[in-house]
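Enquirer: Take this sequence and fold it.
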Amino acid sequence: MIELRHLRTLLALRETGSLVEAAERVHLTQSALSHQLKDLESRVDGPLFARKTRPVEFTRAGLRLLALADEILPAVRKAERDLARLAGTEQGRLHMAIECHSCFQWLMPTVDYFRDHWPEVEIDIPSGHHFDPLPALAREQLDLVITADPQPLEGIHYAPLFRYEGLLAVSRQHDFARRAFIEPKALADETLITYPVEHSRLDIFSQFLSPANVRPKEIRTAELTIMMMQLVASGRGVCALPNWALTEYLERDYVCAVKLGENGIWSTLYAAIREDTLEAPWMQDFLRTARETSFAVLTGIKPACRDEESAA
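Expert: Predicted structure coming up:
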């Protein structure tokens, strides 16, 4: 009568608070999601939530099924791990690199959760490496790379984790703070603060400035996000960061955020993995944990489209 997909849909609805975002989360159209919910309501002979409420208000029947989901789905997940161990495929190594300075906010909870459930998998995040991570992945020096810049490499698969919007952080006193969005030419007279990486790998250049043939008046770098925010807050420049990386500073009213272009710029974060380890149960579980943790701890992100998943 009640299927696991029904429980997962209800959890997505509770976590996102809207039918549109829940549909994206479970990779269904809004019409297909509505049909699934109506089918479930016919099975339990009653409504599960009040329509046209945000956040969603669940009925007693809906709350009972959510309680069931909270109980059943973690048990199913644990059983899947146990079955993988019984199949003898649990051994593995997960050495990873991160081409994303602001990713530790969600990656560390992911690693902690994964380590607790797969203690037999060797995990390491080497620091201070002096090599290009993606070619090192192809050479088997690494097993996974977090990147927003997929490169065509033989035998490498790019699993999309989530989509995020790049925003421009400016001081509260900056003229941009009163605008809904800016165009590229507005940055021609600004000091742009970036992480110390190649400009071609930064969304602000590849998706915004370079197509418009615009270059900022000055470019300076900073290693840490908090250093960038201090410079921005004091009016010494502006910087572009993923929306989730700005959340805590916006909530504290430390800086303001402005959209880049009328429609904004969106990018996808990927986990790059060798094809020969992609189907390992522990690797699939890490990807699933990474996606679930991201949506649990980050705001403003969206599910990646399934057609973004590809092999180089």
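
Enquirer: mind listing the strands for the stretch 201-312 of the chain?
Expert: In the stretch 201-312 of the chain, the segments counted as strands under DSSP state E, counting those that start in this stretch are 218-221, 238-242, 256-260, 265-274, 310-311.

Enquirer: Quick one: closest of these to Val111.
Expert: Set against Val111 and scored by Cβ to Cβ, these come closest in strand 265-274, at 12.7 Å. Heads up, the C-betas are built off the backbone N, CA and C, glycines and all.

Enquirer: For that closest one, which residues meet the burial criterion?
Expert: Buried residues in strand 265-274, counting neighbours by 16 or more other Cβ atoms under 10 Å, are found at 265, 268-274.

Enquirer: Just give the strands next to it in its sheet, each with its orientation.
Expert: Strand 265-274 sits in its sheet next to strand 144-147 (antiparallel), strand 156-170 (antiparallel), going by DSSP bridges.

Enquirer: Against Gln36, how distant is Ser294?
Expert: 24 Å (Cβ to Cβ, to the nearest Å).

Enquirer: list the contacts for the residue nearest to Leu137 when sequence neighbours are not counted?
Expert: Leaving aside its sequence neighbours, Leu137 sits nearest to Val145 (Cβ to Cβ, 6 or more residues apart in numbering; 5.1 Å). For Val145, the contact set (Cβ atoms under 8 Å, 6 or more residues apart in numbering) comprises 96-99, 133-134, 136-137, 271-272.

Enquirer: Please identify which of the buried residues of strand 265-274 is nearest to Leu287.
Expert: Ranked by distance to Leu287 (Cβ to Cβ), the buried residues of strand 265-274 are led by Ala271 at 6.0 Å.

Enquirer: Neighbours of the residue nearest to the closest one when sequence neighbours are not counted, how many?
Expert: Excluding the flanking residues, the one nearest Ala271 by Cβ to Cβ, 6+ apart is Ala159, at 4.7 Å. Number of residues near Ala159 (other Cβ atoms under 10 Å) recorded here: 21.

Enquirer: Could you measure from Ala159 over to Glu279?
Expert: 11 Å.

Enquirer: Report the secondary structure element holding Asp39.
Expert: Using DSSP states H and E, Asp39 sits in helix 30-44.

Enquirer: which helices and strands sit right next to that helix?
Expert: Counting contacts by 3 or more Cβ pairs under 8 Å, 6 or more residues apart in numbering; DSSP states H and E, helix 30-44 packs against helix 4-16, helix 19-25, helix 60-86.

Enquirer: okay if I get those helices as TSV plus mean neighbour count, distance to Ala212 and mean pLDDT?
Expert: Below are these laid out as TSV (neighbours: other Cβ atoms under 10 Å; distance: least, Cβ to Cβ, whole Å; pLDDT from 0 to 100):
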stretch	mean neighbour count	distance to Ala212	mean pLDDT
helix 4-16	19	34	91
helix 19-25	19	30	87
helix 60-86	14	46	86
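
Enquirer: residues in contact with stretch 74-87?
Expert: 4, 90, 117-118, 281-282, 285.

Enquirer: thinking again about what came up before, which of the residues in the helix holding Asp39 are buried?
Expert: For helix 30-44, the neighbour count (16+ other Cβ under 10 Å) marks 33, 36-37, 40-41, 44 as buried.

Enquirer: now Phe286, nearest residue through space, not along the chain?
Expert: Phe114 (5.4 Å).

Enquirer: any idea how far the one you found is from Met283?
Expert: Between Phe114 and Met283 the distance, using Cβ to Cβ, works out to 10 Å.

Enquirer: Give me the distance between Thr9 and Leu19.
Expert: In this view, Thr9 and Leu19 are 10 Å apart by Cβ to Cβ.

Enquirer: Ile265 now?
Expert: Ile265 sits 26 Å away from Leu19 when distances are taken as Cβ to Cβ.

Enquirer: again, but for Lys38
Expert: Lys38 is 12 Å from Leu19, where distance means Cβ to Cβ.
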